[in-house]
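A.B. asks: Kindly generate the corresponding structure for this input.
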Amino acid sequence: MKLKGIVRGQVIELPQGTALPDGTEVTIDLTPMVQPIDVQERLAKIQELFGCWRDQPDLMEIFAEIDRDRHADLGRAITSTSPRPYGLCAGEFTVPDFDAPLPDDILQAFENPEFRAFAARGDRARGLALLDQLDSADNPY
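C.D. replies: As a prediction, this is how the structure comes out:
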């Protein structure tokens with residue numbers, strides 16, 4: 001029996017049913033329906049596709065307009081020539097100390113794959129609870 005189907009992920013869908021009962025083991029010979037074309041056919045198709053613009057006399061004018069628009073100066077005028085003063089946002093935020101050691105829960109995330117899974121989902125509380133369980137069980141993590 002020879003059937004055609006469509007591959008969707010790990011499943012091959014058949015358009016019609018078979019006379020085989022469910023669970024029957026079968027052998028499948030996979031042959032793609034797309035047949036490769038030779039180099040000459042491929043070149044002919046490429047030339048056909050690129051040739052579709054051949055009979056458009058205003059094509060070069062369109063590309064020239066696109067080029068002019070791309071290179072047009074659309075910037076705003078600079079009204080001030082003096083540099084901006086320093087400290088305009090003083091006291092509005094604090095820059096963290098990048099040399100400070102990381103908290104223990106974050107360090108544990110690098111060592112424990114289960115905690116990383118909770119952290120990736122944004123469930124820090126469950127991750128910390130997991131760490132407490134692991135610490136109480138004398139786990140090497």
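
A.B. asks: which residues of this structure fall in helices?
C.D. replies: Using DSSP state H, the helices assigned to the chain run over residues 39-50, 59-70, 104-111, 113-120, 124-136.

A.B. asks: Flag the shaky bits of the protein, pLDDT-wise.
C.D. replies: Scanning the chain with the threshold set as pLDDT under 70 gives 52-53, 76, 78, 109-110, 114-122, 124, 127, 131, 133-141.

A.B. asks: let's see 50
C.D. replies: The model of the chain has pLDDT under 50 over residues 139, 141.

A.B. asks: What count of nearby residues applies to S82?
C.D. replies: 5 (other Cβ atoms under 10 Å). Any C-beta I mention is one placed from the backbone N, CA and C, and that applies to glycine too.

A.B. asks: how near is it to G75?
C.D. replies: Distance check for S82 against G75: by Cβ to Cβ, to the nearest Å, it reads 19 Å.

A.B. asks: now M60
C.D. replies: 28 Å.

A.B. asks: Compare the two (neighbour count), which wins?
C.D. replies: A side-by-side neighbour count of M60 and G75, using other Cβ under 10 Å, places M60 first with 9 against 6.

A.B. asks: Hmm, L14 and L20 touching each other?
C.D. replies: No. If you go by Cβ atoms under 8 Å, L20 and L14 don't touch, sitting 10.7 Å apart.

A.B. asks: overlap in contacts of these two?
C.D. replies: Residues touching both L20 and L14 by Cβ atoms under 8 Å, 6 or more residues apart in numbering: none at all.

A.B. asks: Can you give me the neighbour number for N112?
C.D. replies: Neighbour count for N112, taken as other Cβ under 10 Å: 19.

A.B. asks: Correction: the previous question concerned I12.
C.D. replies: I12: 13 surrounding residues under other Cβ under 10 Å.
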